[in-house]
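# starting from these lines, generate the structure:
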Amino acid sequence: MSEVTYLHPDGTSTVQTTGPGESVMEAAVRNGVPGIVGECGGALSCSTCHVYVDEACWQEFGEVGEMEDDMLDGVATDRLPHSRLSCQIRPTAQQRLRVTTPESQY
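Here you go, the predicted structure:
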């Protein structure tokens, strides 16, 4: 299992584990992590799972795909260089990841 630390705008954090093949968004929604809505369930048809990936592990998740890139253009908060949709991030076993949730998903 992987460990994901969700850092929130109010300075708090939530730590969750992801199961095999589970996305960062799926783990957040399953555990009620604040700041991740996941309205479309990971179908790349919304941007309510936007996160900022910690720079230290950014490269571990490959390039942003064309569809994800298009959806990131419509996020509710500023798109930054390390913005990703958490539905597209699937940590590998034993990986530790830190993401920051934006102030709003809408």
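
# and the pLDDT for the nearest residue to residue 101 once chain neighbours are set aside?
In space, and not counting its chain neighbours, residue 101 is closest to residue 35: 3.0 Å by CB to CB, 6 or more residues apart in numbering. (Glycine included, C-beta is placed from N, CA and C.) Predicted confidence (pLDDT) at residue 35: the value is 96.

# pretty sure residue 102 is touching residue 34, no?
No. If you go by CB atoms under 8 Å, residue 102 and residue 34 don't touch, sitting 11.5 Å apart.

# residue nearest the middle of this structure, spatially speaking?
With distances taken as CA atoms, centre = their mean, residue 86 lies nearest the centre of the chain, 2.5 Å away.

# and that residue, how far from residue 40?
Residue 86 is 12 Å from residue 40, where distance means CB to CB, to the nearest Å.

# show me where this protein has its strands.
Taking DSSP state E, the strands of the chain run over residues 2-7, 13-18, 50-53, 83-85, 96-100.

# dump those strands into CSV; add mean neighbour count and mean pLDDT as well.
CSV is the format used below for the strands of the chain (neighbours: other CB atoms under 10 Å; pLDDT from 0 to 100):
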stretch, mean neighbour count, mean pLDDT
strand 2-7, 19, 96
strand 13-18, 16, 96
strand 50-53, 25, 98
strand 83-85, 22, 98
strand 96-100, 19, 96
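
# distance to residue 30 for those strands - can I get that in JSON lines?
Listed next are these as JSON lines, based on distance: least, CB to CB, whole Å:
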{"stretch": "strand 2-7", "distance to residue 30": "12"}
{"stretch": "strand 13-18", "distance to residue 30": "8"}
{"stretch": "strand 50-53", "distance to residue 30": "16"}
{"stretch": "strand 83-85", "distance to residue 30": "17"}
{"stretch": "strand 96-100", "distance to residue 30": "16"}
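
# tell me which of these lies nearest to residue 62.
Among the strands of the chain, the nearest to residue 62 by CB to CB is strand 83-85 (10.2 Å).

# quick one: strands adjacent to that closest one?
The pairing partners recorded for strand 83-85 under DSSP bridges are strand 50-53 (antiparallel).
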